[in-house]
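>>> give me a model of this one.
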Amino acid sequence: MSELDFLTNASVILEETAPRIVQNYFIWRLIMERAGNMPRSIRSIQDQFNRIFQGTTAEQPRTVTCGAYVNANMGIVVSKLYIKSYFDESARNQVMKMISY
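All right, here's what the predicted structure looks like:
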């Protein structure tokens, strides 16, 4: 399916669906996407949903969730801090040499 086919099909669906249903869908997607970053009371609702619809049985440890969030949203900054703290000039030269190859 091409991008044009997708957009055509999506347009048809949007035209044939009541605006309130479309709004509810987008709100639901937003909440489900951000629920992992919310307090436990909200995450438990998502856990219940995932158990029923996806068959999952447990939430990932919070350290894994938070680490993945930091890596996805601030990975470059954290990498810069790590490099600044642990890479000396020799290590930098070795990396630059590997890159040049």
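>>> when you work out contacts or count neighbours from here on, use the C-alpha atoms and nothing else.
OK.
>>> the residue of the chain positioned farthest from its centre sits in which helix or strand?
The outermost residue of the chain, judged against the average C-alpha position, is residue 90 (35.6 Å), by CA atoms, centre = their mean. Taking DSSP states H and E as the definition, residue 90 sits inside helix 89-100.
>>> now that helix: average pLDDT?
Mean per-residue pLDDT for helix 89-100: 89.
>>> show me how far that helix is from its chain's centre.
Using CA atoms, centre = their mean, to the nearest Å, the mean C-alpha position of helix 89-100 is found 32 Å from that of the whole chain.
>>> what of stretch 18-33?
On CA atoms, centre = their mean, the centre of stretch 18-33 falls 18 Å from that of its chain.
>>> and stretch 61-70, by the same measure?
11 Å.
>>> please identify the buried residues of that stretch?
Neighbour-count burial for stretch 61-70, counted by 16 or more other CA atoms under 10 Å, picks out no residue.
>>> helices and strands around the helix holding residue 90, which ones?
Contact partners of helix 89-100 among helices and strands, from 3 or more CA pairs under 8 Å, 6 or more residues apart in numbering; DSSP states H and E: none.
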